[in-house]
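Q: no sequence on this one, just coordinates:
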Ligand SMILES: [Zn+2]
């Protein structure tokens, strides 16, 4: 046994039922697309991008300073080695010329001064590293917070999607049920208009107004519609939607 409508007017009321399900499904899809969490997540993502850019920038500055420090440490080591070497010879007794001894003593003094300067520079650079370290820690913490809120938002979006998808499934099944009870011609006609006119293919005639485009029909036209046989397909002159009396 098929579930065909028993009368033409019943077909039109099934058509309105179908329209209601389609509208609800469209609204559910729209709700899913426009979840507030999606905009929030986009905002979090853009802050994450900006923060990661700053993180890379600070890290690059940090590594430039670190490299200079490493270089300075190498220079300090070399100067100290050279000084120790000269001192060994200076006090080793093998050099006896007064002029040579004086020259070596002068070089030792020069090296001591040089090491002092290098170490002073090292201190300056270490002072530059402190705020960079602090900034890196701070950005790192902020990244953690943002990562956490991004995954919370993704979870909330997923939950909402699941809920909405379940509602769509229920509506779709009711929709299919209504569609199956409609004459195929009427269904095709409805689908075509619905696709062309942004989701609404059939509307009720309320008083003298089309429920689809909300424009008033001329009195003569309304009169003609009211008197037309119950099984005749009436469409709105203004928007072309199926009008249900
Ligand atoms: Zn209309």
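A: Perfect, I can see it now. Here the structure is a predicted model, which is why all the values come from computation and not from measurement.
Q: in this protein, which strand has the most residues?
A: Looking across the chain with DSSP state E, the single longest strand is strand 202-206.
Q: Quick one: mean pLDDT over that one.
A: The average of the pLDDT scores along strand 202-206 is 96.
Q: Pull out the buried residues from it.
A: Within strand 202-206, the residues that count as buried by 16 or more other CB atoms under 10 Å are 202-203, 205. No exception for glycine: its C-beta is placed from N, CA and C like everyone else's.
Q: what subset of these is also close to the ion?
A: Filtering these for proximity to the ion by CB under 5 Å from the ion leaves nothing.
Q: which among those gets closest to the ion?
A: Distance to the ion across the buried residues of strand 202-206 (CB to the ion) is lowest for residue 203, with 6.6 Å.
Q: ok, that closest one touching residue 20?
A: No: in this structure, residue 203 is not within contact of residue 20 by CB atoms under 8 Å, at 10.9 Å.
Q: What helix or strand is the residue nearest the centre of the chain located in?
A: The centre of the chain sits closest to residue 42, judged by CA atoms, centre = their mean, with a distance of 3.0 Å. Taking DSSP states H and E as the criterion, residue 42 maps to helix 36-92.
Q: Please work out the angle formed by the directions of the following helix or strand past that helix and helix 36-92.
A: Counting by DSSP H and E, the element after helix 36-92 in chain order, helix or strand, is helix 98-180. Interaxial angle, helix 98-180 versus helix 36-92 (axes from the mean of the first three to the mean of the last three CA atoms, to 10 degrees): 170 degrees.
Q: pLDDT of helix 98-180, averaged?
A: Mean predicted lDDT for helix 98-180 stands at 97.
Q: go on, stretch 29-43?
A: Mean predicted lDDT for stretch 29-43 stands at 97.
Q: which residues are in contact with that stretch?
A: 150, 153-154, 156-157, 160-161, 164-165, 168 (CB atoms under 8 Å, 6 or more residues apart in numbering).
Q: The ion: which of those residues is nearest?
A: residue 168 (27.3 Å).
Q: Just give me the neighbour total for the closest one.
A: Neighbourhood size, residue 168 [other CB atoms under 10 Å]: 17.
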